[in-house]
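Engineer: give me a model of this one.
(one chain, ligands or ions: 1)
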Amino acid sequence: MTVDVDDVLDIAVGVLVDAEGRLLIAQRRPDTPGAGFWEFPGGKREDGEAIFDCLGRELAEEIGVTDLRGAPLIRFAHDRGPRPVRLHVWRIDGWTGEPGGREGQTVRWIARDALDEVELLPATDVILAALALPRRYLITPRLSGADRKAWFGALEEALGRGTRLLRLRDPDLSDARYARLAEVVVEQAHRHGAAVLLDRDADMVETVGADGLHWSAERIAAARRRPLPRERWFAASAHDARELDAAIAVDADFATVSPVAVTASHPKAGPLGWPGFESQRDDRALPVYALGGLEVADESDALAHNAQGIAAIRGLWPGAADA
Ligand SMILES: Nc1nc2c([nH]c(=O)n2[C@@H]2O[C@H](COP(=O)(O)OP(=O)(O)OP(=O)(O)O)[C@@H](O)[C@H]2O)c(=O)[nH]1
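Structural biologist: Residues are numbered from 1 along each chain as shown. Predicted coordinates:
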């Protein structure tokens, strides 16, 4: 008998999101591993089956929906459940049919802010982080040396165009000046429902009412534990697999990996390219943005290579491309 060295099971998972933003969850039946826990519907890939075909088959069998419309959300491996699995998770925004428990399982729609009322399968936190994060992550260009009015005008335009997550980056500013800027930016961003991450000490997040931190790979390497509670975002910069592992070790919610392409801000760094990005990112259990020389047109490549989306300074800053 031959032993399958890759004994990780490939599982296709679909997160159905309705018009109100609620999610469809199903309770595992009593006779299955993980019985009683709630999960997103899905199941094991059969030999030779394409993963999206597997998703279509499982969702038709389990909840009676077909004709799925959606996009890949995240692929990650974990061994926190009954057995090691690699989850291929899709966000599904359109389908045909009325979802219901076709195999005797209970299913229900649940608002995201009610999810702590139910016991979810371990590692669902990774899926929820990916769902909560946008496809685009704006890193602000330096304000120092720029025209202040134009900078704030561009920020307003970016927020108006739908930016929902940004990192305030200005390494030239002292902590005191950075904190003063952060207060203004947080207020402006919150008016648009956008979250702001800072790259300084954890205390400043509280002081200026920001939404979290994004630390450099050096700072992550020196950190002993997560500096913020779970309610805030904690993000990490990484450039390779080792730095991503360091981010996971301090319980980061998500990371960036760079540089994917040649960048204006770091011209000397050799780009990874998409295959390099995907092999460094691998199937680690956290959302990872692709960063470095990317723009909106690169988003579909990013999704195809297991990225949460793209992070960028110039590529997402209004007017930067023509500057
Ligand atoms: N469907 C689903 N499975 C998940 C999630 N997270 C997670 O770790 N898993 C794991 O992935 C595996 C799914 O296997 P399954 O038993 O449901 O697959 P299946 O529908 O083909 O089952 P079957 O063997 O009864 O036909 C389980 O070990 C489950 O614990 C999730 O969010 N959704």
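Engineer: quick one: residues contacting Leu286.
Structural biologist: Phe76, Val126, Ala129, Leu244, Ala247, Ile248, Ala252, Asp253, Phe254, Ala255 (C-beta atoms under 8 Å, 6 or more residues apart in numbering). All C-beta atoms are positioned from the backbone trio N, CA, C, and that covers glycine.
Engineer: so can I have a markdown table of these showing secondary structure and neighbour count?
Structural biologist: As requested, the contacts of Leu286 are arranged in a markdown table below (DSSP: H, G, I helix; E, B strand; the rest coil; neighbours: other C-beta atoms under 10 Å):
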| residue | secondary structure | neighbour count |
| --- | --- | --- |
| Phe76 | strand | 22 |
| Val126 | helix | 21 |
| Ala129 | helix | 18 |
| Leu244 | helix | 24 |
| Ala247 | helix | 28 |
| Ile248 | helix | 16 |
| Ala252 | coil | 25 |
| Asp253 | coil | 23 |
| Phe254 | strand | 24 |
| Ala255 | strand | 27 |
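Engineer: contact partners of the helix ranked longest in the chain?
Structural biologist: Secondary structure of the chain per DSSP state H: the longest helix is helix 175-191. Applying C-beta under 8 Å, 6+ apart, the external contacts of helix 175-191 come out as 140, 143, 152, 155-156, 159, 166, 168, 170, 173, 195-196, 198, 200-201, 204, 207-211.
Engineer: and what of stretch 12-20?
Structural biologist: 23-24, 39-43, 45, 51-52, 54-55, 58-59, 63, 65, 68, 70, 73, 87-93, 95, 99, 109, 111, 127, 131.
Engineer: same for the ligand: which of the residues you listed are within range?
Structural biologist: Glu39, Phe40, Pro41, Gly42, Gly43, Glu58, Leu87 (C-beta under 6 Å from any ligand atom).
Engineer: pLDDT score for the second one?
Structural biologist: As predicted, Phe40 sits at a pLDDT of 98.
Engineer: kindly report the same for Val3.
Structural biologist: 34.
Engineer: which regions of this structure sit below the pLDDT cut-off?
Structural biologist: 1-6, 321-323 (pLDDT under 70).
Engineer: circling back: and which of the ones next to the ligand among the contacts of stretch 12-20 is nearest Gln308?
Structural biologist: Of all those, Gln308 sits closest to Leu87, with 14.7 Å by C-beta to C-beta.
Engineer: assign Pro30 to helix, strand or coil.
Structural biologist: coil (DSSP: H, G, I helix; E, B strand; the rest coil).
Engineer: that one: how many residues sit nearby?
Structural biologist: 9 (other C-beta atoms under 10 Å).
Engineer: make a ChimeraX selection of whichever of the contacts of helix 175-191 turn out to be buried.
Structural biologist: For anyone working in ChimeraX, the buried entries among the contacts of helix 175-191, judged by 16 or more other C-beta atoms under 10 Å, can be selected with:
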select :140,143,155,159,166,168,170,173,195,196,198,200,204,208,210,211
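Engineer: returning to that earlier point: so which of the contacts of stretch 12-20 belong to strands?
Structural biologist: Taking DSSP state E as the definition of strands, the contacts of stretch 12-20 contribute 23-24, 39, 42-43, 68, 70, 73, 87-93, 95, 109.
Engineer: just the buried residues of these.
Structural biologist: Buried among the ones in strands among the contacts of stretch 12-20 by 16+ other C-beta under 10 Å: 23-24, 39, 42-43, 68, 70, 73, 87-92, 95.
Engineer: picking up where we left off before, need the contacts of Leu286 in TSV with distance to Ile310, can you?
Structural biologist: Formatted as TSV, the contacts of Leu286 follow (distance: C-beta to C-beta, whole Å):
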residue	distance to Ile310
Phe76	19
Val126	20
Ala129	17
Leu244	17
Ala247	18
Ile248	21
Ala252	18
Asp253	18
Phe254	13
Ala255	14
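Engineer: as JSON lines, those with distance to the ligand would be great.
Structural biologist: Below are those laid out as JSON lines (distance: C-beta to the nearest ligand atom, whole Å):
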{"residue": "Phe76", "distance to the ligand": "10"}
{"residue": "Val126", "distance to the ligand": "9"}
{"residue": "Ala129", "distance to the ligand": "13"}
{"residue": "Leu244", "distance to the ligand": "20"}
{"residue": "Ala247", "distance to the ligand": "21"}
{"residue": "Ile248", "distance to the ligand": "17"}
{"residue": "Ala252", "distance to the ligand": "20"}
{"residue": "Asp253", "distance to the ligand": "18"}
{"residue": "Phe254", "distance to the ligand": "18"}
{"residue": "Ala255", "distance to the ligand": "21"}
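Engineer: what does the stretch 51-200 of the chain put close to the ligand?
Structural biologist: Glu58, Gly81, Pro82, Arg83, Val85, Leu87, Leu121, Ala123, Thr124.
Engineer: again, 5 Å this time
Structural biologist: Within the stretch 51-200 of the chain, the residues that sit near the ligand (C-beta under 5 Å from any ligand atom) are Gly81, Pro82, Val85, Leu121.
Engineer: for the last one, list the residues it contacts.
Structural biologist: If I follow you right, that is Leu121. Contacts of Leu121 (C-beta under 8 Å, 6+ apart): Arg28, Gly34, Phe37, Trp38, Glu39, Gly81.
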